[in-house]
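Colleague: Please find the sequence and the predicted model below.
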Amino acid sequence: MTSSTTPPPAPSGASGGRGPLRRLRARGRDEAHRTASPLELFFDLCFVVAVAQAGVQLVHSVAEGHAGEGILDYAMVFFALWWAWMNFTWFASAYDNDDVLYRVVTLVQIAGVLVLAAGVSRAFEEHEFLVVWLGYAIMRLALVAQWLRAARSSEGPERTTALRYAGGVLLCQVGWLGLLFLPEGARPWWFLVMALLEMCVPPFAERGYTTAWHPRHIAERYGLFTIIVLGETVAAAAIAVKSGIDENDALGELLPIAAGGLLVIFAAWWLYFVVPVHSHLRSNRQAFLWGYGHYLVFASAAAIGAGLEVAVEQTVGEAHLSTLAASAAVTLPTALYLLMLWALHSRHFKAGFTQQLVLPTTALLVICCTFLGDWAVLAAGVVCALAVAAGETSAVRRDARESGPATPAG
């Protein structure tokens, strides 16, 4: 995945002057003060609409006793959302010139995700993927247009890379038609094949040339989307608790779930942002593995909110599943989130065997909390909070050892 050619430096900011239409040229990887744009923030917020729809349908599937089927549908729909978001994010990091055409094409991508969101319920309930495919196609064709613009504005290896991206995205979009015509039993296997092919496009396209993505900008974009997904998780859990209190007067039974859920989500935020991950993103190999791994980070973060809703519904008697299954709906995605966070973030910044063990041990203890009945969610939240405390204490001791004893003033 590494590349032998690096992009030439470009002027800071959007290149090409201030006209309504500018050449879509690569931005400099060494730009100072590169931050997410208002358009990118708007893009993320609209994507969370579809994430919320997928979460709602996952709740319904699990609550009705169809957890396996619901998780499979959730994985398929969430992949479409995550992959379209990720491809735009990396393209924008390298080529965002903020002209009129760039903005319009990005808004078309936003329209595509809203179309996809409209088809999520049918995908879960009837296994009908036509609307989901259509929304995905709108997003992907808009991205192809962006890559063709980049190819027109470049030459040599950079142009070849842009054309490879455009061709790869188009071919994969044709392949996704299999979800509309194949028998229902074959669709999960076809999804797996197409997902692998989609993820092969960037490494193939960037052979010989590395697009000018910006490490700090990429780290910030992923962090912002994590915040938005966790915020959606908080909102979903809060609404579920409010409904349980209003409709069933079950404040006492729901307080442990509410408290434990908040502790889990607060710890999830804290642990994600405790390390400067942008310093780890030095090459395509590191960046691709890190970026691809976020499929499980984002999906598990959103699933925590769905699990909290399931736990609430089970407590008030509206879900057809056991307490153990409802607890697992919270603890399993929480453990997965912690493990992926360790694999992608923490292990690159931890010194010593003890520090490396904190998050994997926490994930194991969270899974053990599944068997604590009505107190499972609260116990999982306490374990996550203790992991944060352990990490901070370890960091303070490490800093104290490195700084050594204070030198008396002369």
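Modeller: Great, that's in hand.
Colleague: Now do the contacts for the most centrally placed residue in the chain.
Modeller: Nearest to the mean C-alpha position of the chain, by Cα atoms, centre = their mean, lies F298 at 3.1 Å. Contacts for F298 (Cβ atoms under 8 Å, 6 or more residues apart in numbering) come out as V51, F78, W82, F225, T226, V229. Every C-beta, even on glycine, is put in place using the N, C-alpha and C of the backbone.
Colleague: Look up phi and psi at the last one.
Modeller: If I follow you right, that is V229. Per-residue torsions, V229: phi -70, psi -40 (degrees, to the nearest 10).
Colleague: related to what we said a few turns ago, of the contacts of F298, which is the nearest to G156?
Modeller: W82 (31.6 Å; Cβ to Cβ).
Colleague: Count the residues that sit near that closest one.
Modeller: By the criterion of other Cβ atoms under 10 Å, W82 has 22 neighbours.
Colleague: Would you mind naming the helix or strand containing it?
Modeller: helix 67-95 (DSSP states H and E).
Colleague: Which of the residues in that helix are classified as buried?
Modeller: The neighbour-count check on helix 67-95 (16 or more other Cβ atoms under 10 Å) flags 67, 70-95 as buried.
Colleague: Equivalent analysis for stretch 25-34, please.
Modeller: Those would be R25, A26, R27, G28, R29, E31, R34, for stretch 25-34 by 16+ other Cβ under 10 Å.
Colleague: can you tell me the helix or strand for the closest residue to S394 other than its chain neighbours?
Modeller: The shortest distance from S394 to any non-neighbouring residue, by Cβ to Cβ, 6 or more residues apart in numbering, is to Q355 (5.4 Å). Per DSSP H and E, Q355 falls inside helix 353-368.
Colleague: what is the rounded mean pLDDT of that helix?
Modeller: Per-residue pLDDT over helix 353-368 has a mean of 87.
Colleague: what's the helix or strand for L171?
Modeller: Using DSSP H and E, L171 maps to helix 156-175.
Colleague: Residues touching the helix or strand following that helix, excluding its own?
Modeller: For helix 156-175, the following helix or strand on the C-terminal side (DSSP H and E) is helix 178-181. With contacts defined as Cβ under 8 Å, 6+ apart, helix 178-181 is touched by F129, L130, W133, R187, W190, F191, M194.
Colleague: repeat that with 6 Å
Modeller: F129, L130, R187, W190 (Cβ atoms under 6 Å, 6 or more residues apart in numbering).
Colleague: hang on, the earlier thing: now the residue nearest to the centre of the chain: which helix or strand?
Modeller: helix 284-315.
Colleague: Can you mark which positions in that helix are buried?
Modeller: Residues of helix 284-315 classed as buried: 284, 287-288, 290-291, 294-315 (neighbour count, 16+ other Cβ under 10 Å).
Colleague: SS state for W213?
Modeller: Classification of W213 using DSSP: H, G, I helix; E, B strand; the rest coil returns coil.
Colleague: Return the distance of it relative to V193.
Modeller: 27 Å (Cβ to Cβ, to the nearest Å).
Colleague: With neighbour numbers in mind, choose between these two.
Modeller: Between W213 and V193, counted using other Cβ under 10 Å, the more crowded position is W213 (24 against 11).
Colleague: for the nearest residue to the more buried one once chain neighbours are set aside, what are its contacts?
Modeller: For W213, ignoring the flanking residues on the chain, the nearest one in space by Cβ to Cβ, 6+ apart is S93 at 4.2 Å. Residues in contact with S93 (Cβ under 6 Å, 6+ apart) are W213, H214, H217, I218.
Colleague: try T35
Modeller: By Cβ under 6 Å, 6+ apart, the contact list for T35 is empty.
Colleague: R25 in helix, strand or coil?
Modeller: Using three-state DSSP, the three-state assignment for R25 comes out as coil.
Colleague: What of R29?
Modeller: Under the three-state scheme (three-state DSSP), R29 adopts coil.
Colleague: for it, phi and psi?
Modeller: phi -70, psi -20.
Colleague: unless I'm mixing things up, it is touching W213, no?
Modeller: No - judged on Cβ atoms under 6 Å, R29 makes no contact with W213 at a distance of 7.1 Å.
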